[in-house]
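Asker: missing the sequence, but the structure's below:
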């Protein structure tokens, strides 16, 4: 059975990315001294799930490197990825709940959602998102890609705030767990 986990930085006003998709506001928190638990999470992750916009960004950033883990890309247009020869990349489509039901037969353990507010919302709508680790930054973006259409607390009614951790960088991690 898959345990879906979302791990991301969001601005204090709820944005995943700036008005033009920029992430530099969040990247300034990356350092060699603090990985915010990302390495441990990756070491315990069986597969990755991302949407096509995140995959496009990932393709540019990784410059042709092969995926280390099975990576499932939700896309309505798989033909645009003709020529991707990475055996760990799997293009999938359809309603996320149906896709996850199929993947439950092939993937066991943690599946990390990388990027993608749309994928996160679909996972929440399907009651399949188990854990959200949100790193709230002090930045106010005022526009861009919002994680949720509504306020954070309203969007997370189905979750329990399990832990809060403050970092010297100014980030505050809120770990939310799906109520059972």
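Answerer: Thanks, I have it. None of these values were measured; they are calculated from a predicted model.
Asker: tell me the phi and psi of residue 40?
Answerer: Main-chain torsions, residue 40, degrees, to the nearest 10: phi -60, psi -40.
Asker: switch to numbering from 6
Answerer: With the count now opening at 6, the last piece we talked about shows up as residue 45.
Asker: Could you check how far it is from residue 62?
Answerer: 24 Å (Cβ to Cβ, to the nearest Å). (Each C-beta comes from the backbone N, C-alpha and C, glycine too.)
Asker: do residue 174 as well
Answerer: Counting by Cβ to Cβ, the gap from residue 174 to residue 62 is 23 Å.
Asker: cool, residue 76 as well?
Answerer: On the measure of Cβ to Cβ, residue 76 and residue 62 end up 13 Å apart.
Asker: Neighbour count: the two, which is higher?
Answerer: Neighbour totals were compared for residue 76 and residue 62, and residue 76 leads with 20 against 17 (other Cβ atoms under 10 Å).
Asker: Please tell me I have it right and the more buried one contacts residue 92.
Answerer: No. Using Cβ atoms under 8 Å, residue 76 makes no contact with residue 92, being 10.4 Å away.
Asker: how long is stretch 140-150 end to end?
Answerer: Taking Cα to Cα, to the nearest Å, stretch 140-150 runs 16 Å from one end to the other.
Asker: So what touches it?
Answerer: 12-18, 20-27, 30-31, 34, 41, 122, 175-179 (Cβ atoms under 8 Å, 6 or more residues apart in numbering).
Asker: roughly how far is it from the heart of the chain?
Answerer: For stretch 140-150, the separation from the chain centroid amounts to 16 Å (computed by Cα atoms, centre = their mean, to the nearest Å).
Asker: per-residue confidence averaged over it?
Answerer: Per-residue pLDDT over stretch 140-150 has a mean of 94.
Asker: now stretch 158-178
Answerer: The predicted confidence, averaged over stretch 158-178, sits at 92.
Asker: Can you check the distance spanned by that stretch, start to finish?
Answerer: 15 Å.
Asker: Could you check how far it is from the centre of its chain?
Answerer: Stretch 158-178 sits 15 Å away from the centroid of its parent chain (Cα atoms, centre = their mean).
Asker: What helices and strands are in contact with the worst-scoring helix or strand of the chain on mean pLDDT?
Answerer: Counting by mean pLDDT, DSSP states H and E, the weakest-scoring helix or strand in the chain turns out to be helix 157-160, with a mean of 76. If you count contacts as 3 or more Cβ pairs under 8 Å, 6 or more residues apart in numbering; DSSP states H and E, helix 157-160 packs onto no helix or strand.
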